[in-house]
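K.L.:
Mind looking at a prediction? Sequence and model below.
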Amino acid sequence: MSHTEPEMSPDGRGDGAMDSSRPTHPRTLARLVRGKNIDETTLLATDYLNHFNEVIMLLELIPDMPECLDDAKTWEPKSYADHFRDSVFKDKELAIFAYEHAPTRFRAPFDAAIDAMNQLVADGVVQIEAAIATGESGRVAETVSTVCWSLQRFVEVVSAIIHGDERTVDQTAIDAILNS
């Protein structure tokens, strides 16, 4: 008598719980995420970038409203899984499951870029705070512009990784942004 595991329904729920230790097949995962705003090749979702877009918008307000720095200082890095757990994303459990099984060739550069972005936000807030302390509005605007430009470039790189652009998975692309 053979035992077969119950199949997961396309919505990420089903008879079996989503167990990350359960073996998966890339084509099956691709079918599960189809139409769910999760890339079928990389198994990553662009919705995660909203976490960074929020802090970019806050930072961009600082030249006109320096008090927004206080809000930016409360921003904290959030893991992919935590972002989705806290979100209203319809297929959040599936997004987390897919991320846990994302191909290493996409997941590793994705994670490296996210780590760099988190550090860039932390360093940028310190730089902006120092610029505000000088009382020079031009310096504040320039610092904010530089930090936001770098973050936006990272958002573009991460978005390309999410969409399977093989040219962006090289650490060189990440290093180029950090050194610009």
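P.N.:
That came through, no problem.
K.L.:
what about the protein, any weak spots by pLDDT?
P.N.:
In the predicted model of the chain, residues 1-26, 168-180 satisfy pLDDT under 70.
K.L.:
Output the contacting helices and strands for the helix ranked longest in it.
P.N.:
Counting residues, the longest helix found in the chain (DSSP state H) is helix 104-134. Using 3 or more Cβ pairs under 8 Å, 6 or more residues apart in numbering; DSSP states H and E as the contact definition, the elements that helix 104-134 packs against are helix 50-61, helix 68-74, helix 137-162, helix 171-178. No exception for glycine: its C-beta is placed from N, CA and C like everyone else's.
K.L.:
can you pull the buried residues of that helix?
P.N.:
Within helix 104-134, the residues that count as buried by 16 or more other Cβ atoms under 10 Å are 106-107, 109-114, 116-118, 120-121, 124-125, 127-129, 131-132.
K.L.:
same check, this time on stretch 65-81
P.N.:
Quick answer for stretch 65-81 (16+ other Cβ under 10 Å): Cys68, Leu69, Ala72, Trp75, Pro77, Lys78, Tyr80, Ala81.
K.L.:
mind checking the end-to-end distance for that stretch?
P.N.:
The straight-line separation of the ends of stretch 65-81 (Cα to Cα, to the nearest Å) is 32 Å.
K.L.:
Give me the nearest residue to Pro66, chain neighbours excluded.
P.N.:
In this structure, Pro66 finds its nearest non-sequential neighbour in Ile132, 5.4 Å apart by Cβ to Cβ, 6 or more residues apart in numbering.
K.L.:
Quick check: Ser137 touching Pro63?
P.N.:
Yes - with contact defined as Cβ atoms under 8 Å, Ser137 reaches Pro63; the gap is 6.8 Å.
K.L.:
higher neighbour count, the two?
P.N.:
More neighbours surround Pro63 than the other of Ser137 and Pro63, with 19 against 13 (other Cβ atoms under 10 Å).
K.L.:
mind listing what that one touches?
P.N.:
Contacts of Pro63 were listed using Cβ atoms under 8 Å, 6 or more residues apart in numbering, and they are Ser137, Val140, Ala141, Val144.
K.L.:
ok now do the first one, which residues does it touch?
P.N.:
Going back to what we said before, that points to Ser137. Contacts of Ser137 by Cβ under 8 Å, 6+ apart are Pro63.
K.L.:
Swap in 10 Å and give it another go.
P.N.:
Applying Cβ atoms under 10 Å, 6 or more residues apart in numbering, we find Ser137 in contact with Pro63, Asp64, Pro66, Ala131.
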